[in-house]
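1. Just a sequence and a predicted model for now, questions to come.
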Amino acid sequence: MTALYTASATATGDGRSGHVRSSDGVLDLDLTVPKELGGPGGQLTNPEQLFAAGYAACFHSALKRVAANQKITLTDTAITVDVGIGPLPTGGFGLTVTIEAELPGLDETTAKTVLDAAHQLCPYSNATRGNVDVQLTLA
């Protein structure tokens, strides 16, 4: 694959309680560990929220492209991505992902067809396929 764009970010400090900054400085955030993982939580973000946000935006774009290619009109759509983290039975930690699509105006069969096709197109879905349990749902 030839990359059309490469994003670059650097983490410093204490990892999950550290700092992340993109190479262009647009993303420049302090991080915290969520309370559920033994941290203080609070008003700072964490890696799972950043991953969920990126996946949701990317998947929404894939969904809109699929719909346009199939001549399906979408209005007032939304994609919510939940990213869970927890211990693996084999050691270490793993992720789970649930993608919930709000596709008003589409019948269930059409909505599922578009959702499944977007899951095949989205780079995040392709990157996680076979490695992360990803569930697709309709709101």
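-> Looks like it came in fine.

2. what are the ranges of the helices in the protein?
-> 47-69, 108-121, 123-128 (DSSP state H).

3. how about the shortest one: buried residues?
-> Residues 124-125, 128 are the ones in helix 123-128 that count as buried (16 or more other CB atoms under 10 Å). Any C-beta I mention is one placed from the backbone N, CA and C, and that applies to glycine too.

4. May I see the residues you listed arranged in TSV, with pLDDT and distance to residue 105 as well?
-> TSV is the format used below for the buried residues of helix 123-128 (pLDDT from 0 to 100; distance: CB to CB, whole Å):
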residue	pLDDT	distance to residue 105
124	98	25
125	98	24
128	97	29
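
5. Name all residues that make contact with the residue positioned nearest the centre of the chain.
-> The structure's the chain has its C-alpha centroid closest to residue 55; by CA atoms, centre = their mean the separation is 2.2 Å. Residue 55 makes contact with 81, 83, 97, 99, 122, 124 under the criterion CB atoms under 8 Å, 6 or more residues apart in numbering.

6. and the spatially closest residue to residue 13 that is not a sequence neighbour, how many neighbours does it have?
-> Excluding its sequence neighbours, the residue lying closest to residue 13 (CB to CB, 6 or more residues apart in numbering) is residue 19, at 4.9 Å. Neighbourhood size, residue 19 [other CB atoms under 10 Å]: 15.

7. Spit out the contact partners of residue 19.
-> 11-13, 28-31.

8. State the pair within those residues that is farthest apart.
-> 13 and 28 (12.8 Å; CB to CB).

9. Look up phi and psi at the closest residue to residue 23 other than its chain neighbours.
-> Excluding the flanking residues, the one nearest residue 23 by CB to CB, 6+ apart is residue 8, at 4.0 Å. Reported as degrees, to the nearest 10, the phi and psi values for residue 8 are phi -140, psi 130.
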